[in-house]
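Enquirer: Predicted model and sequence follow; I will ask about them next.
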Amino acid sequence: MKTLPLLASAFVLAGLAACNQGGAKSAGGAEAATVQVTGALCRPTPPGRKVTGCYLTMTASTNDRLVSLSSEAAGRAQLHESKMENNMMVMYELREGLALPAGEAVVLEPNNRHIMLLGVKEPLKAGDTVPLTLTFASAPPVQIEASVAQPPVPGTEHAGH
């Protein structure tokens, strides 16, 4: 009977396929770096203004760093951080990028770390989308479409529950 060797071959191939169910591997066999980006949202631009903030969550598979940002919708995209200093909110550019510890969700949100789009080319209104490209030290660049909408006010996500 020739079905037994054929059946055995099928089991061997299935077993080999099952062994490769892990994450993507680099040429050296190590886990390839990836960054998952979720919840991307940009604020609508105020009338007459050409700047806006964008927010999202990044989770890296290995230790990585967000090193640059770009968007076809704006002249520049920068990573900023807002801090309270002397009873005033002050915003700084994070020129060194942002560390992404493996497996930790790193949140960009209002009044904290966020993306600033400067020189927005066309007014952004609710319902639009904004292309963003995030570049990392190790992982390949991630291109996303951020929704344009007002972000929720921090601390009110569960209001009415």
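Expert: Received it, and whenever you're ready, just let me know what you need.

Enquirer: in stretch 75-94, what's buried?
Expert: Neighbour-count burial for stretch 75-94, counted by 16 or more other Cβ atoms under 10 Å, picks out A77, Q78, L79, H80, S82. Where you see a C-beta, it was placed from the backbone N, CA and C, and this is true even at glycine.

Enquirer: Go through these and say which is closest to D64.
Expert: Within the buried residues of stretch 75-94, the smallest distance to D64 is 14.0 Å, found for L79 (Cβ to Cβ).

Enquirer: Quick one: mean pLDDT over the helix or strand encompassing the closest one.
Expert: Using DSSP states H and E, L79 sits within strand 74-85. Taken as a whole, strand 74-85 has an average pLDDT of 95.

Enquirer: For R43, which residues are in contact?
Expert: For R43, the contact set (Cβ atoms under 8 Å, 6 or more residues apart in numbering) comprises T52, G53, C54, L124, V148, A149, Q150, P151.

Enquirer: Pick the one among these closest to E109.
Expert: The nearest member of these to E109, counting by Cβ to Cβ, is P151 at 7.4 Å.
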